[in-house]
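> sequence and predicted structure below; questions after.
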Amino acid sequence: MPGRRGTWARLGLMAGPVVFFAVFFGYPVAAIVGRGLHEDGRWQWGRFGEVLGDPDILRVLWFTVWQAAASTALTLAVALPGAWVFARLDFPGKRLLRAVVTVPFVLPTVVAGSAFLALAGRGGVLDEWFGVRLDTSVWAILLAHVFFNYAVVVRTVGGFWAQLDPRQEEAARMLGAGRLAAWRRVTLPALAPSLGAAALIVYLFTFTSFGVIQVLGGPRYATLEVEIYRQTEALLQLPTAAVLTLVQFAAVAVLLAVHARSVRRRESALRLVPAEQTAHRPAGAGQWTVLAGVLTVVALLLVAPLAVLVQRAFQGPDGWSLAWFRALGRESASGTFAVPPVEAIGNSLSYAAAATGIALLIGVSAAAALTLPGSRRGTGRAARAGRLVRGFDALLMLPLGTSAVTVGFGFLIALDEPPLDLRSSWILVPLAQALVGVPFVIRTMVPVLRSVDVRLREAAAVLGASPLRAWREVDLPLVRRAVLVSAGFAFAVSLGEFGATVFIARPDAPTLPVAVARMLGRAGEAHYGQAMALSTILMLVCAGVLLALERVRTPGQGEF
């Protein structure tokens with residue numbers, strides 16, 4: 001009976017997230033695919049051959065694959081020393097530095113692109129000082145991807161590395177192994193699942209890259225996501241967009257399946273120790289050198305683009321001033337917006353707050369379903385429950401890798417008839433943002449919920465509490481800080497959502513990322529300056545949120 005009650009409790013908790021994702025993710029994507037591939041009462045599967053046989057599409061596919069691989073390899077090479085520093089060293093300003101390296105990750109990709117454009121584009125700092133431009137080469141894209149994903153490696157690998165018992169490597173050295181040999185034979189195999197998970201996440205994000213490519217790629221470079229946008233928005237070729245969406249969806253599904261397997265290995269392969277027991281002050285010239293090197297990389301690769309962005313925001317037509325910030329309060333003479341651009345700030349904050357509420361409601365319920373103890377009676381029932389949980393977990397991660405452009409355009413097509421006639425409703429934007437926020441809530445909450453002592457739940461059950469009541473009265477009070485952290489991440493990520501919002505944000509209610517993208521798409525110094533000003537405001541809001549999160553975060557909480 002207890003096992004059956006637990007099963008029903010799990011299914012009850014899963015119901016809300018499943019319905020939410022079915023209506024606001026599955027249905028819009030299916031609507032786009034149906035419009036593109038279903039014609040005259042039958043499916044036009046022959047369009048796959050037509051689209052995938054196009055040399056231009058094949059070039060896009062090849063560029064998408066190889067730039068994602070190159071971006072992933074470069075990110076791992078640059079960020080692994082940082083992961084070690086955060087895992088093993090304790091130094092003043094560590095929490096501040098953790099927030100700094102995370103700011104690029106939660107920024108809109110279009111803002112990351114504009115920061116690199118200000119640094120390495122035409123008229124940028126490198127162009128003015130050294131005559132070097134990177135915006136005409138693939139290097140700008142690769143470095144922008146490292147800028148954006150550095151925190152993924154640091155937090156995913158570093159968070160796991162911090163929990164590895166350093167005495168195992170020390171024992172190998174006592175047995176005669178050198179420092180490098182001990183690390184290669186003891187630590188590296190233990191880190192392999194975490195490294196694999198981080199690599200897959202980075203590859204997933206760079207494979208579906210949109211904002212960075214849109215700003216820095218130009219006509220020569222396009223990923224699948226950018227091509228889907230072009231086919232949908234500019235050419236209105238829904239059949240081509242539908243085929244590319246399914247190709248991207250299949251690739252993402254494979255990546256998520258491999259990622260889920262690596263996460264299970266990471267969770268079960270080793271006995272971990274509390275992270276606070278493994279960090280120590282830097283000792284010796286080698287460790288100080290590594291720390292200095294990591295600080296230099298952070299300064300040059302992460303801080304410099306943001307600093308240049310701020311510098312351009314305050315460099316007005318007559319020198320240093322607040323001219324571009326003041327211009328945000330005036331309506332655009334060129335018709336870029338139907339309202340003063342400054343209203344995008346209030347719109348974004350309101351939308352992100354609503355999206356955070358939705359993401360918390362769905363994400364906490366899903367995390368609770370994923371962490372409820374499984375049935376102990378019958379290996380067949382336990383195996384079925386395990387497959388159900390893994391499938392449910394994969395479903396919740398799909399929005400991170402599925403074309404946000406497809407979701408946004410799907411909202412316009414699918415959600416325009418009763419009882420879901422939402423196309424003119426303000427709630428449409430928060431719903432799209434919440435789809436991206438939910439996975440971050442889940443990834444933050446699941447490790448914390450799993451760390452709750454199961455004996456507390458068992459004691460509550462002995463006293464007659466149902467699984468839902470035990471969760472509400474035992475688990476929830478213990479995870480309040482994790483709820484705050486997950487809410488902060490959901491808020492920051494919602495602020496930066498661009499791929500779907502660019503379709504559904506109304507002209508009289510633009511969000512910050514949409515406003516930045518529209519201004520960058522217009523010629524003129526004024527538009528560029530105001531785009532830098534809006535980007536600076538968005539960056540400062542995200543930085544403030546992340547600094548607040550670091551103050552309430554505890555070492556046992558999940559990373560991403």
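That came through, no problem.
> pLDDT of the strand or helix carrying P399, averaged?
According to DSSP states H and E, P399 maps onto helix 379-401. Per-residue pLDDT over helix 379-401 has a mean of 67.
> quick check: next helix or strand after it?
Defined by DSSP H and E, the subsequent element after helix 379-401 is helix 404-414.
> hmm, who's touching the helix or strand following that next one?
Once helix 404-414 ends, the next helix or strand along the chain (criterion: DSSP H and E) is strand 416-417. Contacts to strand 416-417, defined as Cβ atoms under 8 Å, 6 or more residues apart in numbering, come from residues 422-423. (Each C-beta comes from the backbone N, C-alpha and C, glycine too.)
> partners of strand 416-417 in the sheet?
strand 420-421 (antiparallel) (DSSP bridges).
> chain center to the strand it pairs with: distance?
28 Å (Cα atoms, centre = their mean, to the nearest Å).
> and it, what's its mean pLDDT?
The pLDDT scores in strand 420-421 average 76.
> now the strands for the stretch 301-450 of the chain?
315-316, 319-320, 416-417, 420-421 (DSSP state E, counting those that start in this stretch).
> which residues are contacting the last one?
Residues external to strand 420-421 that are found in contact with it (Cβ under 8 Å, 6+ apart): 23, 414-415.
> just the buried subset of the residues you listed, please.
Among those, those scoring as buried are 414-415 (criterion: 16 or more other Cβ atoms under 10 Å).
> from the contacts of strand 420-421, which is closest to I32?
Among the contacts of strand 420-421, A414 lies closest to I32 (Cβ to Cβ), at 8.0 Å.
> which residues touch the residue found closest to that closest one once you drop the neighbours it is linked to in the chain?
Using Cβ to Cβ, 6 or more residues apart in numbering and skipping the chain neighbours, the partner closest in space to A414 is A31 (3.8 Å). Contacts for A31 (Cβ under 8 Å, 6+ apart) come out as 410, 413-414.
> columns distance to D54 and pLDDT on top of the residues you listed, output as TSV?
Formatted as TSV, these follow (distance: Cβ to Cβ, whole Å; pLDDT from 0 to 100):
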residue	distance to D54	pLDDT
G410	23	80
I413	24	79
A414	27	81
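> need the residues you listed in TSV with distance to L520, can you?
Putting those into TSV (distance: Cβ to Cβ, whole Å) gives the following:
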residue	distance to L520
G410	25
I413	27
A414	30
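> returning to that earlier point: most tightly packed of the strands of the stretch 301-450 of the chain?
With neighbours taken as mean count of other Cβ atoms under 10 Å, these reach their highest mean count in strand 315-316, at a mean of 17.
> all helices for the stretch 101-250 of the chain, in order.
109-120, 125-130, 138-161, 166-174, 179-182, 188-207, 211-216, 224-229, 238-268 (DSSP state H, counting those that start in this stretch).
> show me which residues of the fifth one are buried.
Buried positions in helix 179-182, judged by neighbour count with 16+ other Cβ under 10 Å: A182.
> ok now it, how far from the chain's centre?
The chain centroid and the centroid of helix 179-182 are separated by 34 Å under Cα atoms, centre = their mean.
> mean confidence for it?
Per-residue scores along helix 179-182 average to 70.
> residues contacting D90?
When contacts are counted by Cβ under 8 Å, 6+ apart, D90 touches 279-281.
> out of those residues, who's nearest F392?
After measuring these against F392 - Cβ to Cβ - the closest member comes out as A279, at 35.0 Å.
> so how many other residues sit close to the closest one?
Counted with other Cβ atoms under 10 Å, residues neighbouring A279 total 17.
> ok, for it, nearest residue in space, not its chain neighbours?
D90 (4.2 Å).
> pLDDT at the nearest residue to F489 once chain neighbours are set aside, what is it?
Nearest residue to F489 in three dimensions, chain neighbours excluded: F440, at 4.4 Å (Cβ to Cβ, 6+ apart). F440 is assigned 84 on the pLDDT scale.
> ok, F440 touching A487?
No: using Cβ atoms under 8 Å, F440 makes no contact with A487, being 9.8 Å away.
> who touches both of these two?
With Cβ under 8 Å, 6+ apart as the test, F440 and A487 both reach A359.
> tell me which strands and helices the lengthiest helix in the chain is in contact with?
Assignment by DSSP state H gives helix 55-88 as the longest helix of the chain. In terms of contacts (3 or more Cβ pairs under 8 Å, 6 or more residues apart in numbering; DSSP states H and E), helix 55-88 is packed against helix 46-52, helix 94-106, helix 138-161, helix 188-207, helix 224-229, helix 238-268, helix 284-297.
> restricting to C-alpha, output the third one in PDB.
Right, the one you point to is helix 138-161. Provided in PDB are the C-alpha atoms of helix 138-161 (Å, rounded to 0.1, in the frame of the first residue of the first chain):
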ATOM      1  CA  VAL A 138      34.400  32.300 -37.300                       C
ATOM      2  CA  TRP A 139      36.700  33.100 -34.300                       C
ATOM      3  CA  ALA A 140      34.300  35.800 -33.100                       C
ATOM      4  CA  ILE A 141      31.600  33.100 -32.900                       C
ATOM      5  CA  LEU A 142      33.800  30.600 -31.200                       C
ATOM      6  CA  LEU A 143      35.100  33.000 -28.600                       C
ATOM      7  CA  ALA A 144      31.500  34.300 -27.900                       C
ATOM      8  CA  HIS A 145      30.400  30.700 -27.300                       C
ATOM      9  CA  VAL A 146      33.300  30.300 -24.800                       C
ATOM     10  CA  PHE A 147      32.200  33.600 -23.200                       C
ATOM     11  CA  PHE A 148      28.600  32.300 -22.900                       C
ATOM     12  CA  ASN A 149      29.300  28.700 -21.800                       C
ATOM     13  CA  TYR A 150      32.400  29.200 -19.500                       C
ATOM     14  CA  ALA A 151      30.100  29.000 -16.500                       C
ATOM     15  CA  VAL A 152      28.600  25.700 -17.600                       C
ATOM     16  CA  VAL A 153      31.900  23.900 -17.300                       C
ATOM     17  CA  VAL A 154      33.000  25.800 -14.100                       C
ATOM     18  CA  ARG A 155      29.800  25.000 -12.300                       C
ATOM     19  CA  THR A 156      29.000  21.600 -13.700                       C
ATOM     20  CA  VAL A 157      32.600  20.100 -13.500                       C
ATOM     21  CA  GLY A 158      33.800  22.300 -10.700                       C
ATOM     22  CA  GLY A 159      30.700  21.600  -8.500                       C
ATOM     23  CA  PHE A 160      31.400  17.800  -8.900                       C
ATOM     24  CA  TRP A 161      35.100  18.100  -8.600                       C
END
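> buried stuff in it?
Residues of helix 138-161 classed as buried by neighbour count (16+ other Cβ under 10 Å): 138, 140-161.
> how near is V100 to P305?
Remark: distance between V100 and P305 (Cβ to Cβ, to the nearest Å) = 12 Å.
> actually L119, not the one I typed
The gap separating L119 from P305 is 5 Å, by Cβ to Cβ.
> domain assignment for this protein?
Residue ranges for the domains of the chain, per automatic domain parsing: 1-29+319-403+422-560, 45-316.
> so which of those domains is nearest R35?
R35 lies closest to domain 45-316 among those, at 5.1 Å (Cβ to Cβ).
> run a quick neighbour tally on the closest residue to L164 other than its chain neighbours.
Leaving out its chain neighbours, the residue that sits closest to L164 by Cβ to Cβ, 6+ apart is A190, at 5.6 Å. When neighbours are defined as other Cβ under 10 Å, A190 has 19 of them.
> next: V446.
21.
> touching, it and A367? I think so.
Yes: shown here, V446 and A367 form a contact pair, counting by Cβ under 8 Å, at 5.0 Å.
> looking at the contacts of D90, spot the one nearest L309.
Distances from L309 to the contacts of D90, taken as Cβ to Cβ, are shortest for A279 (32.2 Å).
> tell me the pLDDT at the closest one?
Model confidence at A279, expressed as pLDDT, equals 70.
> next: I358.
94.
> check contacts around it.
By Cβ under 8 Å, 6+ apart, the contact list for I358 reads 430-431, 434, 437.
> ok, now how distant is it from F105?
From I358 to F105 the distance is 21 Å (Cβ to Cβ).
> again with V186
Noted for V186: a distance of 30 Å to F105, by Cβ to Cβ.
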